[in-house]
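A.B. asks: pasting a predicted model and its sequence here:
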Amino acid sequence: MTSPTQTLNAAWQAALGTEYAAVFYYGALGPQLADAGQIALARTFEEQHRELRDRTAAALVAAGQSPAPPQTDYPLPFALAGSVDAQRLALATESSCAAAWRYLVTTAASGRAPSGLRQAASDALTASAIRATRWRSILHPAQPTVPFPGS
Amino acid sequence: MNYPEPHRLMSRRAWLGSAGLIAAAAAGGALVALVRPDPVSGHPPGAPDWLSAALAREQQLLHGLDAAIRADPTLGVRLAPLRADHTAHLQVLQVLSSRYGPTPATGSGSGATASAPASTGVAGVRRAEIAASRATAVAALTAVGGDAGLLASIAACEATHAAVLT
């Protein structure tokens, strides 16, 4: 049976894993974007994920955990054949990150968690939701938001 | 920063597996929040303090949006998605409230934005969304289990509303 601590640590490592993946996917999708504004957006968001990845790994170490290493590769969920595919991948990436951080909020609120972890997870969820909204505004301008980010 | 060439697929199955796990975990959290009792929270006999405040905030945001649209009907298309989101929030919170028995009175809970000025135009709606997002995020720090995830998600949504109104 999985203990609450094991569940929390698994959720925490999963959140780190989505940040590894996000950095990788932004690196893959960036060259597919044609619009200068979108390229700048992708670079900014990639850097934000890079910083969050490093903060998350450092927090795990501070809590006595060993951050799981990144995978050697992150397969693309679909072929990138142009700008729209790149935008779709960016949106999917942010949605996955939001789901992982929301789950960490839930698990951190279900037992003993290091001080500040729930706040950090909530902040990361919001940040990913806002980034997702930027991509959704491009892909689906009539419906740029979702009611429950991370669901 | 230069973007590298896209990497070749190595293990599509691995990615789909991890994505599936995340989705399942998130869905599990949502189900805990929406459908069945949260075993961690233990269903206290009374509704938690944050619930009435959250209900009041959503109702107030809806009123603010309606007022803004009445004042300027051209805003209707732009604000309709936001209104739909808040309606969804209100419905979920009402379901949650029903788990605790009598529906709490709305508008009296701590953290409500009852004293906030009435929304005036897009700027007013944006200010109200920011205030609601902050209050809901604070509530997420004290709620238990799936309720905390739900509140954090609602807070995130309200932050996205402010972002699209910038």
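C.D. replies: Perfect, I can see it now.

A.B. asks: which stretches of chain B have low pLDDT?
C.D. replies: Under the criterion pLDDT under 70, the flagged ranges of chain B are B:1-45, B:102-119.

A.B. asks: all helices of it, in order?
C.D. replies: Listed in chain order, the helices found in chain B under DSSP state H are B:12-34, B:49-71, B:76-99, B:121-140, B:146-164.

A.B. asks: residues of the longest one that come out buried?
C.D. replies: Counting neighbours by 16 or more other Cβ atoms under 10 Å in any protein chain shown, one finds that the buried residues in helix B:76-99 are B:78-79, B:81-83, B:85-86, B:88-90, B:92-93, B:96-97. C-beta coordinates here come from the backbone N, C-alpha and C atoms, glycine included.

A.B. asks: and it, what other elements does it pack with?
C.D. replies: Using 3 or more Cβ pairs under 8 Å, 6 or more residues apart in numbering or on different chains; DSSP states H and E as the contact criterion, the secondary-structure elements in contact with helix B:76-99 are helix B:12-34, helix B:49-71, helix B:121-140, helix B:146-164.

A.B. asks: need the winner for burial among the ones you listed.
C.D. replies: A comparison of the helices and strands packed on helix B:76-99 by mean neighbour count, using mean count of other Cβ atoms under 10 Å in any protein chain shown, puts helix B:146-164 on top with a mean of 28.

A.B. asks: tell me if it is near chain A.
C.D. replies: Yes. Contact check for helix B:146-164 against chain A, using Cβ under 8 Å from any Cβ of the partner chain: residues in range are B:146-150, B:152-157, B:159-161, B:163-164.

A.B. asks: so how far is residue B:150 from the residue nearest to residue B:54 when sequence neighbours are not counted?
C.D. replies: Spatially, and ignoring its direct neighbours in sequence, residue B:54 is nearest to residue B:93 (5.5 Å; Cβ to Cβ, 6 or more residues apart in numbering or on different chains). Per Cβ to Cβ, to the nearest Å, residue B:93 is found 8 Å from residue B:150.

A.B. asks: all helices of chain A, in order?
C.D. replies: If you assign secondary structure with DSSP H, the helices in chain A sit at A:4-29, A:36-62, A:83-108, A:117-139.

A.B. asks: pretty sure residue B:85 sits against residue A:146.
C.D. replies: Yes. At 7.3 Å, residue B:85 counts as touching residue A:146 under the criterion of Cβ atoms under 8 Å.

A.B. asks: overlap in contacts, those two.
C.D. replies: Contact with both residue B:85 and residue A:146 is made by residues residue B:157, according to Cβ atoms under 8 Å, 6 or more residues apart in numbering or on different chains.

A.B. asks: hmm, back to that, which one of the helices of chain B lies closest to residue A:32?
C.D. replies: Each of these has some distance to residue A:32 by Cβ to Cβ; the shortest is helix B:12-34, at 17.8 Å.

A.B. asks: and the nearest residue to residue B:47 once chain neighbours are set aside, how close does it get to residue B:91?
C.D. replies: Taking Cβ to Cβ, 6+ apart, and ignoring the residues beside it in sequence, residue B:47 has residue B:100 as its nearest neighbour in space, at 4.0 Å. Distance of residue B:100 to residue B:91, given as Cβ to Cβ: 16 Å.

A.B. asks: and residue B:153, by the same measure?
C.D. replies: In this structure, residue B:153 and residue B:91 are separated by 14 Å, where distance is defined by Cβ to Cβ.

A.B. asks: just residue A:145 next, same as before
C.D. replies: Distance, residue A:145 to residue B:91, by Cβ to Cβ: 16 Å.
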